[in-house]
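Peer 1: here you go, sequence then predicted model.
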Amino acid sequence: MFVSIDGPSGAGKTTIVHHLAQMLVAGGENVHVTAEPSKGPIGKLCRELTETVTGHALACLYAADRYHHMENEIRPFIEEGQTVITDRFIPSGLVMQRFDGIDPAFLWQLNAEVDRPDLAVILEADPEVISERLVERGAHNRFQLSPGSSHAEVHFYRQATERLIQAGFDVMRVDCNERPPEQVASVIRDRLTTFFASPTSNP
Ligand SMILES: Nc1ncnc2c1ncn2[C@@H]1O[C@H](COP(=O)(O)OP(=O)(O)O)[C@@H](O)[C@H]1O
Ligand SMILES: Cc1cn([C@H]2C[C@H](O)[C@@H](COP(=O)(O)OP(=O)(O)O)O2)c(=O)[nH]c1=O
């Protein structure tokens, strides 16, 4: 089982991944939590270079990290029978580099050969809500610093989500405006429980 969690900065990805993993482990699942940029060599480069490298070069670097992450971490853990949850995956790749003006069709092509998650969760919240959370938490990157960045990110996410649905991804959109993180995580856990119960999902 492979689950990705994406959504605008401040929507709650890292918080929800933590709660979801705890809930699944408590329910007896073997869970491996990971994130992008990954902890691998290309992910390390991504982290070092996001503030200074832009545009197509950065988009290619994040895509390279994703392919390497998939081959060297995600697939092996899935093959071991673990449930892999990643904090950011393809949807982030379709969204973040748009801040540098990259064409969504180019981003789609760059990510076209990446394994699809069994469930791509998109956390949704209004721009006003996430920008408030970001002020409280602090910005993590240059994309979160410009005024109106939350509005732009929410808009890019809507477009990316529509594209994923159109391409046949199993997308779960979760409203994170009002619900506390534990409740968001339990809504996702309930959806995953239906996967675990299905005879084809756990060979
Ligand atoms: N559902 C929620 N309701 C209220 N606050 C939340 C919720 N989810 C996360 N937060 C808070 O919002 C901030 C951003 O959360 P974080 O998990 O870092 O988001 P992301 O990883 O999407 O950038 C943190 O301070 C976190 O405690
Ligand atoms: C996966 C991915 C991440 N990023 C960037 C966005 C962030 O700067 C960084 C991930 O940082 P992170 O700490 O996950 O951001 P936040 O918690 O605020 O959501 O990587 C991209 O630009 N493209 C990508 O494809």
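Peer 2: Thanks, I have the structure now. For clarity, every value in this text was computed on a predicted model and none was experimentally measured. Ligands and ions are numbered 1, 2, ... in the order given.

Peer 1: avg pLDDT for stretch 114-131?
Peer 2: Mean pLDDT, computed over stretch 114-131, is 96.

Peer 1: and Leu119, how many neighbours does it have?
Peer 2: When neighbours are counted by other CB atoms under 10 Å, Leu119 registers 19. The C-beta positions use only the backbone N, C-alpha and C, and glycine is treated the same way.

Peer 1: separation between it and Phe89?
Peer 2: Distance of Leu119 to Phe89, given as CB to CB, to the nearest Å: 11 Å.

Peer 1: wait, does the one helix or strand in the chain whose mean pLDDT sits lowest contact ligand 1?
Peer 2: When the helices and strands of the chain are compared on mean pLDDT, DSSP states H and E, helix 127-137 comes out lowest with a mean of 91. Yes. Helix 127-137 reaches ligand 1 (CB under 6 Å from any ligand atom) through 133, 136-137.

Peer 1: could you dump stretch 184-199 to PDB, C-alpha only?
Peer 2: Output of stretch 184-199 as PDB, limited to C-alpha atoms (Å, rounded to 0.1, in the frame of the first residue of the first chain):
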ATOM      1  CA  VAL A 184      -8.200  14.600   9.400                       C
ATOM      2  CA  ALA A 185      -6.000  11.600  10.000                       C
ATOM      3  CA  SER A 186      -8.800   9.400  11.100                       C
ATOM      4  CA  VAL A 187     -10.900  10.200   8.000                       C
ATOM      5  CA  ILE A 188      -7.900   9.100   5.900                       C
ATOM      6  CA  ARG A 189      -7.300   6.000   8.100                       C
ATOM      7  CA  ASP A 190     -11.000   5.000   7.600                       C
ATOM      8  CA  ARG A 191     -10.500   5.200   3.800                       C
ATOM      9  CA  LEU A 192      -7.400   3.100   4.000                       C
ATOM     10  CA  THR A 193      -9.100   0.500   6.100                       C
ATOM     11  CA  THR A 194     -11.300  -0.200   3.200                       C
ATOM     12  CA  PHE A 195      -8.200  -0.900   1.100                       C
ATOM     13  CA  PHE A 196      -6.700  -3.200   3.800                       C
ATOM     14  CA  ALA A 197     -10.000  -5.100   3.900                       C
ATOM     15  CA  SER A 198     -10.000  -5.700   0.100                       C
ATOM     16  CA  PRO A 199      -8.500  -9.100  -0.800                       C
END
